[in-house]
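Chemist: give me a model of this one.
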Amino acid sequence: MLKQELIISEYELYKMNSYETDSYINRKLYVAGYRPHMRLEVVHRKHAHIIKFKWERERKGMNIYLASPFFNDTEIERVKKMAEILRAKGHDVFVPMEHQNKHLEFGSYAWRKATWQSDVDAIDKSDAIYAIVSEGNYSDDGTAWEIGYAYAKEKPIVVFNEDGEEPVNLMISDSLTTYLTTWDAVIALKDDFYFDLPKIEYTGKVV
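Modeler: Down below sits the predicted model:
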């Protein structure tokens with residue numbers, strides 16, 4: 001697996017979280033998957049010995065549910081591009097478009113039940129949900145439901161609105177964890193672990 005490194009000082013962590021003890025901070029790093037890998041240096045600051053370590057963790061991909069409409073060529077291409085980017089980062093991506101139970105008759109009762117259940121199960125098992133919306137306020141009924149269900153299940157939600165159109169529906173804007181409007185931002189997003197997802201709020205107009 002890919003390795004991700006963090007060079008950090010226990011003292012610096014302590015200053016950022018002054019109400020926490022060094023041992024508690026260490027435990028937080030361990031929970032996040034980091035391990036002290038190498039002692040780098042000892043410096044002096046205000047009579048304190050500051051020991052810097054290189055903390056290292058394996059870059060483990062997340063289980064991601066990719067919510068999006070896929071009713072026309074533009075929407076399908078967006079889904080494919082997003083899935084490709086996320087998989088290149090090492091994530092396991094569930095794309096409903098790829099799980100349409102083609103062995104069943106489309107629209108039949110059996111198809112409906114199987115498709116609905118597989119999508120819900122995938123959200124339940126996911127670490128985070130990526131949702132592609134367009135035209136700001138409208139993201140298709142299915143995607144809107146998936147965002148709401150993921151929020152109720154306390155999943156981090158990354159919303160991608162490529163055209164950046166406003167307004168965005170209030171129930172989407174205030175459910176999301178991270179709001180992105182460019183593919184470059186998707187590629188650059190640090191999303192190695194779901195609890196590391198940066199909080200990027202939507203600050204535009206809502207309806």
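
Chemist: tally up the residues packed near the nearest residue to residue 114 once chain neighbours are set aside, please.
Modeler: The shortest distance from residue 114 to any non-neighbouring residue, by Cβ to Cβ, 6 or more residues apart in numbering, is to residue 101 (4.8 Å). Glycine gets a C-beta too; all of them are placed from N, C-alpha and C. Applying the criterion other Cβ atoms under 10 Å, we find 16 residues in the vicinity of residue 101.

Chemist: any regions of this protein where pLDDT drops low?
Modeler: The model of the chain has pLDDT under 70 over residues 1-60, 135-139, 192-196.

Chemist: pretty sure residue 167 is touching residue 206, no?
Modeler: Yes: counting by Cβ atoms under 8 Å, residue 206 is a contact partner of residue 167 at 5.2 Å.

Chemist: between the two, who's got more neighbours?
Modeler: residue 206 (16 against 13).

Chemist: quick check: phi and psi at the more buried one.
Modeler: phi -130, psi 160 (degrees, to the nearest 10).

Chemist: residue 160: what's it in contact with?
Modeler: 82, 130, 131, 132, 133, 180, 181, 186 (Cβ atoms under 8 Å, 6 or more residues apart in numbering).

Chemist: any idea what it is bridged to?
Modeler: For residue 160, the beta-bridge partners are residue 132, residue 180 (DSSP bridges).

Chemist: list just the nearest of the contacts of residue 160 to residue 152.
Modeler: For the contacts of residue 160, the residue nearest residue 152 by Cβ to Cβ is residue 131; the value is 14.2 Å.

Chemist: is residue 124 in a helix, a strand, or coil?
Modeler: State at residue 124, reduced to three classes by DSSP: H, G, I helix; E, B strand; the rest coil: helix.
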